[in-house]
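Chemist: Fold the following.
(one chain, ligands or ions: 1)
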Amino acid sequence: MMSMNESVRKLLNNRRHTAALTPAADAWAMMRSNLLCWEEPTLKPKLDSEITCPACGHKEVETMPEDACQYFYECKGCRALLKPKPGDCCVFCSYGDTPCPPIQLDQSCC
Ligand SMILES: [Zn+2]
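Modeler: Down below sits the predicted model:
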């Protein structure tokens, strides 16, 4: 019976130990580094977006206009005319790997 008590005590000790591994200071440091990451890209939006055509799968890197949205895009693979999906402001938001600059900057869009 003595050995069982011993193992239970060890278990409780382990649990206490893992809880101590995530101190508030660590969470705070993580939060701060996240905040720093957020600030960086808002200053200069990425202007290249790789559009993937939903019809043929063709991929093309396009340069986006910095302060406007592109509503239509003609696929260079199959010539399909792409339009944004409902709720999206432009073809880059719908089919590109990077949303358009106004969205990146968290501004309202055209
Ligand atoms: Zn296509």
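Chemist: low-confidence ranges in this structure?
Modeler: By pLDDT under 70, the low-scoring segments of the chain are 1-2, 14-23, 34-43, 108-110.
Chemist: Quick check: residues of this structure near the ion?
Modeler: Counting by CB under 5 Å from the ion, the chain comes close to the ion at Cys53, Ala55, Cys56, His58, Cys75, Gly77, Cys78, Ala80. Where C-beta positions appear, they are placed from N, C-alpha and C, glycine not excepted.
Chemist: Most neighbours among those residues, please name it.
Modeler: Within the residues of the chain next to the ion, most neighbours by other CB atoms under 10 Å means Cys75, with 21 neighbours.
Chemist: Which element, helix or strand, includes the residue most central in space within the chain?
Modeler: A centroid search over the chain (CA atoms, centre = their mean) returns Thr98, at 9.5 Å, as the residue closest to the centre. Assessed by DSSP states H and E, Thr98 sits outside every helix and strand.
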